[in-house]
Structures are given as structure tokens and as C-alpha cells.
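1. based on what follows, work out the 3D shape:
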Amino acid sequence: MPFRGTNVQEKPLFNGSPAWLGYQSVAITDVVDRSADYDKMDMFLEIHFKNENSEYPYKYSLLGSFERDEQGNVKGESSLLKKVLYFVDALGWNGGVNTKGEWVDENDKAIEDIAAYLNLNFTSANYGMNPLDDDHKYFIYVYKKYNEKAKKAYTTVLPKIGTNESKEDLESYVGWMKTNKYLVEHIEGNFEGNNDSSNGIASSTATSSVPNKF
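-> Okay, here's the model as predicted:
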């Protein structure tokens, strides 16, 4: 084994957030439908965001199953429905899912291939090819989330997605989520399992009404 003598230095604790974490203005570059591989879920869309702060895309997984009533209709308080609405509202699209959980356009016409539809209408397929293009229309929050089972922290995109015109709304939401411990960030450099998010916590500017969680 190579000998390093007494020159071994302890890895310093990381102070501050790297450029690829935190609030990011991004473009949507691709949508992949992985639902066929997960038959126990109603939906699994992998949405790729990109900007100059990261060599790799930020991947947000819009996945899960709808909460349904006795008739099989999607309940209004379904967590997955809220995530769908966060996404389509950021797109400025009046389509979404119907009460059966099926994708439809703004005219209630069924969409057979949702990934193809979204890629055609909303993604920047040639992102980075033209340096004059300003495709960073969307505003997201990226953080490290610790997975107890894997004993590892993963880069995670918060489900609530906004636009650059709605920055204050997302910032208020993130502040409320942190304050109420619904969003717990893993601080890089801390020992494994330490999910202390007190460093750099944003103060909530939310009103007395309680925001919807994920």
C-alpha cells in the first residue's frame, strides 16, 4: 500500500452549497416514460432538467399511484395528482390527467404516448447547440436526500416545480417545508446519517395558510 507518512489530511467539512445544488433555473431537455417497467405504479415519468451548473442532467421522477375512491376515480387530495399539477402548471399547459388517471390534452382528448407529446411540445431537444438560446424557463430546488436503506445521499429535485416568474412562490414553499421538517437536507461532509438541515435554512415567508406538502 502506498505510504503517505504524516501528510494525510482530514477531509474538511463542506461549508456552503455547491453550484449544482439549491435553486436552479433550468431547461427541460427530455421526458422518458418508464411506466411499462413498473406495473404496480400508475405513472413513472423521468424528467430531465439541464443548466450550465451541472455536467449531468437533474433527473426528477414523477412517479407513484393515485389515491382512488370506491368507484376507482382519482381523489382530489391524491399526492400524485398534486405532483402532476405542479408539473403541468409550470409548463403552462391546460392538459393533465382525468378522473381515471389517464393523460388528456386541454380538449380532453386522450394522449397515448405522454412522453412523446411532452417532448414534442415542451422540451428543448437541441439544448446547448445554440449559445444564444435562453431555455432556462423553469425554476427548481435541488438538494441531497439521505436514504437510510442505501446509507447514501442522492441528488433530489423537489416535486414542486415553478418558473422564473414564480420564484418567490417556490422559495416560500421551500422555506415552509424546511421549517416544518418535511424537507430534510443531507449536508455533504457530515458523518453518514446526519441529516441536519439547520445550516442555511430559509425562513418561511408563507402566510397563515398551510401549503400542500408533496
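
2. and the lengthiest strand in the chain, what does it pack against?
-> Counting residues, the longest strand in the chain under DSSP state E turns out to be strand 22-33. Under the contact criterion of 3 or more Cβ pairs under 8 Å, 6 or more residues apart in numbering; DSSP states H and E, strand 22-33 touches strand 43-50, helix 114-122, strand 138-147, helix 167-179. Where you see a C-beta, it was placed from the backbone N, CA and C, and this is true even at glycine.

3. what distance do you get for the residue positioned nearest the centre of the chain to Gln71?
-> Central residue of the chain (Cα atoms, centre = their mean): Val157, 2.9 Å from the mean position. Separation of Val157 from Gln71 (Cβ to Cβ, to the nearest Å) stands at 33 Å.

4. again, but for Leu120
-> Applying Cβ to Cβ to Leu120 and Gln71 gives a distance of 33 Å.

5. helix, strand or coil for Val88?
-> Using DSSP: H, G, I helix; E, B strand; the rest coil, the structure places Val88 in helix.

6. when Leu120 and Gln71 are compared, which one has more neighbours?
-> Higher neighbour count among Leu120 and Gln71: Leu120, with 11 against 7, using other Cβ atoms under 10 Å.

7. model confidence score at that one, please.
-> In this model, Leu120 is scored at 97, pLDDT.

8. ok, the one 3 residues further on next?
-> The score at Thr123 is 95. That number is its pLDDT.

9. look up how far Asn107 lies from it.
-> Taken as Cβ to Cβ, the span from Thr123 to Asn107 is 21 Å.

10. tell me which of the two has more neighbours.
-> Each of Thr123 and Asn107 has its neighbours counted (other Cβ under 10 Å); Thr123 has more, 18 against 7.

11. partner residues bridging the closest residue to that one other than its chain neighbours?
-> Closest residue in space to Thr123, ignoring its immediate chain neighbours: Ile28 at 4.9 Å, by Cβ to Cβ, 6 or more residues apart in numbering. Ile28 has the following beta-bridge partners by DSSP bridges: Phe49.

12. I figured Ile28 hits Phe122, correct?
-> Yes. Counting by Cβ atoms under 8 Å, Ile28 does reach Phe122; the two are 6.0 Å apart.

13. more neighbours, these two?
-> Taking other Cβ under 10 Å, Ile28 and Phe122 do not tie; Ile28 has more neighbours (27 against 18).

14. against Phe49, how distant is the more buried one?
-> In terms of Cβ to Cβ, Ile28 sits 6 Å off from Phe49.

15. can you redo the helices and strands packed on strand 22-33 as TSV with distance to Gly96?
-> Listed next are the helices and strands packed on strand 22-33 as TSV, based on distance: least, Cβ to Cβ, whole Å:
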stretch	distance to Gly96
strand 43-50	12
helix 114-122	10
strand 138-147	17
helix 167-179	19
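
16. Leu170 reaches Gly162, doesn't it?
-> Yes. With contact defined as Cβ under 8 Å, Leu170 reaches Gly162; the gap is 4.1 Å.

17. so what sits against both of these two?
-> Listed contacts common to Leu170 and Gly162 are Phe139, Ile140; contacts here mean Cβ atoms under 8 Å, 6 or more residues apart in numbering.

18. look up how far Thr156 lies from Trp176.
-> 18 Å.

19. rewinding a little: looking at the helices and strands packed on strand 22-33, which is closest to Met129?
-> Of all those, strand 43-50 sits nearest to Met129, with 12.2 Å by Cβ to Cβ.
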